[in-house]
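Engineer: The following comprises the amino acid sequence and a computationally predicted model.
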Amino acid sequence: MADPAPDPATKTLACPSCGGTIAIRAAGHTVTLVCHYCSSLIDVANPDARLIAEYHEAAQELAIPLGTRGTLRGTEWEAIGFLQRSEGGIGWSEYLLFNPYAGYAWLITDGRGWSLGRMLTVTPRDAGGAMLLDGERYKPFFAGGSARVDYVLGEFYWRVAVGERVRTADFVRPGFMLSRETNDAEETWTLAELIDPREMGTAFGTDLPPAWPGSGRPPMPHQPSPWAGLVGRAWQFAFVAVLALLVLAPILGRGGTSVSETVTLFPEGSERSATIGPIVLTRAKQPVTIRARSDEVRNQWVDLDYALVDRATQASYEAYDIVEQYEGSDSDGRWSEGNRSTASKIASVPAGTYDLVVDLGAHNWTGASSSYAAGIAPVKVTVTVSPGGVFWSNVWLAALLILLPALRMGWQHIRFEASRSGESDVGGSTSDEDDD
Amino acid sequence: MNTRLFLYGAWCLAILSGFVMAANAGYSPFADGRRAPLRAGGGYYGPTHK
C-alpha cells in the first residue's frame, strides 16, 4: 500500500544537536520545537533552525504519542506538543493539539480523566469571586497557585522552556473548568470541557482512567456528580409513590358494617364468653379489625381470646389481645402504663358470614406498691368487629422500601460532592448542590 | 431517561403494585390473626417498665 500523501502543513528538519529528522506538524505556526530523540530545544521561528538548549535525554513515553490524530467535537486534531506541569508537588499533563483550520487546543489530564481546553478570546466577568462566561457561572476552586513547566516535548507556538512559571486560578461548573494563567506579560483564559473517557478512547486510544471511588483519589474539580441529575427526580418519584400509598391505603382498607357488644365481667371471677355477629364479609379476601375498649380497668388486665368463625364452614381465625392499665408511685414519682383500648387485625379472611366468639377474663395486678388497690368492681369491655382495616405496617414497610434507594442516591451524591470539593483551596463555596 | 432513574421508577412501581395486591387480598406479614402474640417476660402480667 502506498504511503499517504504528506500533510501540506508538515515539514521536516534535522536536529542541530543529534541530527535526527524531526517533522514540524504546524509549519508556519510553530516557534519552538523539542527534538523527540534528544530533547534539545530548537528555535524554528526562522528558516535556519537554531539550538536554544541542548539536552541528551530520552523522550518520555506518552499516553498519546505525538503525531496521533483523533476526532473530538467534530474536529480532527493532531497531537503536536506535550507539557508536563506541576504545582505544589501535584502534576498534570497537557497535550497541544493542532488543526490547520481550527487552530490550537489542549488535552489536559492528571490521570483522573481528560479535558479539552480552548483558549478564550474574551475575558470572563468577575461576579463576586465567581466568574461569568456566556451566562454561565463558574465558582472558584483553586486560587493563587503557581504552575511550573517540568518537561516539554514536540512543538509549540510560543517559546516554551522548562522552569517557566505562571500564576494560576481555576473556576468550575459541572463538566467545565475555567482557568486563568498570568505572567508578567499577559493574562490568558482557557475553558476546558470534560471529555467522556470512552470518547477519548475512541479518538486517541487512551485507557479508561480508574473511576471514583475505586481510584482512591477525589473526583476531578469539574467532574459532575453521577447522581446530580438523579437525586431530585428520584425524590419526586419517591414523593409521588409514598403519596399514592397514603391515598390508596384507606381506600383499599374500606369495609362493611361494624358489629359491637359490651360485656361485663368481674376481676378474678370466672371467664365469660360472648358471641358477636353476624359479620358479613363481601370481598373475596379482606382483613377484619377487632377493637376492644374498657375505661374501667385500673391496675387490671383483661385477656381477650378471639375466634372469628365462618357460619358455613366453621373455619376459625384466631387472635389474642389484652386491655391493661397499671399505675402507681415510687421514688421516681407517679407512673402509669398500659392501654385501655387495643386493636387486632386478622389477615385475608374469605367472604362469608361470621361470628366472633370472645373469651374474656379480668384480673387484678397486686404487685409492687400502688396508691390504688384494684377492687372487685365489675369491668365493662366493649368489643367491636369491623370488616376491612388498614395494615399500617404494610404502608410503612412499602414506604421504607421506596425511600431507601432515594436515600442511598442522596447519600452517594453528598459523599461525591464532599470528596470533590475537599480538594479545593477555596473555603466552602464550591459545592454544586445548588446546581442540581 | 437515565437508566438508574428508570430502574428506580420501576422499583417504585413494583413496590406500589405489591402493596396494592397485598391490600386487595387483606394480607400482611404483621397481622395478629391466627397466632397469639407472646408477651415479654414469658407469661408475666403487670407493668414491665420497672
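Structural biologist: Yes, it's here.

Engineer: Contacts only, for residue A:110.
Structural biologist: A:90, A:91, A:92, A:93, A:220 (Cβ atoms under 8 Å, 6 or more residues apart in numbering or on different chains). For the C-beta atoms, the positions are set from N, CA and C on the backbone; glycine is no exception.

Engineer: Can you give me the distance of it to chain B?
Structural biologist: As judged by Cβ to the nearest Cβ, to the nearest Å, residue A:110 and chain B stand 27 Å apart.

Engineer: which residues touch residue A:73?
Structural biologist: Residue A:73 touches A:116, A:193, counting by Cβ under 8 Å, 6+ apart.

Engineer: Please name the nearest non-neighbouring residue to the closest residue to chain B within the stretch 201-350 of chain A.
Structural biologist: Nearest residue of the stretch 201-350 of chain A to chain B, counting by Cβ to the nearest Cβ: residue A:346, 2.9 Å away. Spatial nearest neighbour of residue A:346, excluding adjacent residues (Cβ to Cβ, 6 or more residues apart in numbering or on different chains): residue B:33 at 2.9 Å.

Engineer: rewinding a little: show me what counts as buried in the helix or strand hosting the residue of the stretch 201-350 of chain A closest to chain B.
Structural biologist: Residue A:346 is part of strand A:341-364 when elements are defined by DSSP states H and E. Across strand A:341-364, burial judged by 16 or more other Cβ atoms under 10 Å in any protein chain shown covers A:342, A:344-349, A:352, A:354-358, A:360-364.

Engineer: Can you name the residues bridging to the residue of the stretch 201-350 of chain A closest to chain B?
Structural biologist: residue A:288 (DSSP bridges).

Engineer: The stretch 251-400 of chain A: strands as residue ranges?
Structural biologist: A:259-265, A:272-293, A:300-310, A:316-330, A:333-339, A:341-364, A:379-387 (DSSP state E, counting those that start in this stretch).

Engineer: so can I have JSON lines of those showing distance to residue A:48 and mean pLDDT?
Structural biologist: Formatted as JSON lines, these follow (distance: least, Cβ to Cβ, whole Å; pLDDT from 0 to 100):
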{"stretch": "strand A:259-265", "distance to residue A:48": "112", "mean pLDDT": "93"}
{"stretch": "strand A:272-293", "distance to residue A:48": "97", "mean pLDDT": "93"}
{"stretch": "strand A:300-310", "distance to residue A:48": "107", "mean pLDDT": "92"}
{"stretch": "strand A:316-330", "distance to residue A:48": "104", "mean pLDDT": "90"}
{"stretch": "strand A:333-339", "distance to residue A:48": "102", "mean pLDDT": "90"}
{"stretch": "strand A:341-364", "distance to residue A:48": "96", "mean pLDDT": "93"}
{"stretch": "strand A:379-387", "distance to residue A:48": "103", "mean pLDDT": "95"}
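
Engineer: returning to what we had before: could you list every helix and strand in contact with the strand holding residue A:346?
Structural biologist: strand A:259-265, strand A:272-293, strand A:300-310, strand A:316-330, strand A:379-387 (3 or more Cβ pairs under 8 Å, 6 or more residues apart in numbering or on different chains; DSSP states H and E).

Engineer: residues in contact with the first one?
Structural biologist: I take that to be strand A:259-265. A:271-272, A:274, A:276-279, A:302, A:356, A:358, A:360-362, A:378-385.

Engineer: Show me just the buried residues among these.
Structural biologist: A:276-277, A:279, A:302, A:356, A:358, A:360-362, A:379, A:381, A:383-385.

Engineer: related to what we said a few turns ago, for the residue of the stretch 201-350 of chain A closest to chain B, give its distance to residue A:282.
Structural biologist: Per Cβ to Cβ, to the nearest Å, residue A:346 is found 16 Å from residue A:282.

Engineer: From what I see, the residue of the stretch 201-350 of chain A closest to chain B and residue A:288 are in contact.
Structural biologist: Yes. At 4.7 Å, residue A:346 counts as touching residue A:288 under the criterion of Cβ atoms under 8 Å.

Engineer: Quickly list what's touching both of those two.
Structural biologist: Joint contacts of residue A:346 and residue A:288 (Cβ under 8 Å, 6+ apart) are A:308, A:317, B:33.

Engineer: Now do the same contact list for the last one.
Structural biologist: Put plainly, it is residue B:33. Applying Cβ under 8 Å, 6+ apart to residue B:33 gives the contacts A:288, A:308, A:317, A:318, A:319, A:344, A:345, A:346, A:347, A:349.

Engineer: Could you name the specific helix or strand carrying it?
Structural biologist: Going by DSSP H and E, residue B:33 is not in any helix or strand.

Engineer: And the pLDDT for residue 5?
Structural biologist: No chain specified, so I'll use chain A. Residue A:5 is assigned a predicted lDDT (pLDDT) of 48.

Engineer: my question was about chain B
Structural biologist: Per the predicted model, pLDDT is 91 at residue B:5.

Engineer: I'd guess it is in a helix, am I close?
Structural biologist: Yes. Per DSSP: H, G, I helix; E, B strand; the rest coil, residue B:5 lies within a helix segment.

Engineer: Quick check: which ranges of chain B have low pLDDT?
Structural biologist: B:1, B:34-50 (pLDDT under 70).

Engineer: And the strands in it?
Structural biologist: Using DSSP state E, no strands are found in chain B.

Engineer: Show me which helix runs longest in chain A.
Structural biologist: When chain A is scanned for its longest helix (criterion: DSSP state H), the result is helix A:392-421.

Engineer: Could you see whether chain B lies near it?
Structural biologist: Yes. Using Cβ under 8 Å from any Cβ of the partner chain, helix A:392-421 reaches chain B at A:393, A:394, A:395, A:398, A:401, A:402, A:405, A:406, A:409.

Engineer: Out of the residues you listed, flag the one nearest to residue A:63.
Structural biologist: Nearest to residue A:63 out of the residues of helix A:392-421 next to chain B is residue A:409 (Cβ to Cβ; 33.3 Å).

Engineer: Next up, the contacts around that closest one.
Structural biologist: A:227, A:230, A:231, A:234, B:4, B:8.

Engineer: Leaving out chain neighbours, which residue sits closest to the first one?
Structural biologist: To tie it back to what came earlier, the one meant is residue A:227. Using Cβ to Cβ, 6+ apart, the closest residue to residue A:227 is residue A:413 (3.8 Å).

Engineer: Next one: the one you found from residue A:230, what distance?
Structural biologist: Taken as Cβ to Cβ, the span from residue A:413 to residue A:230 is 8 Å.

Engineer: Quick one: the helices in the stretch 1-150 of chain A, in order.
Structural biologist: Assigned by DSSP state H, counting those that start in this stretch, the stretch 1-150 of chain A shows no helices.

Engineer: What segments of it are strands?
Structural biologist: Counting by DSSP E, counting those that start in this stretch, the strands of the stretch 1-150 of chain A are A:11-14, A:21-24, A:32-34, A:41-43, A:50-53, A:69-72, A:75-87, A:90-99, A:103-109, A:114-119, A:125-127, A:130-133, A:136-156.

Engineer: what's the third one in contact with?
Structural biologist: This points to strand A:32-34. A:22, A:24, A:40-45, A:49, A:52, A:81, A:152-156, A:158-160.

Engineer: That'll do, ta.
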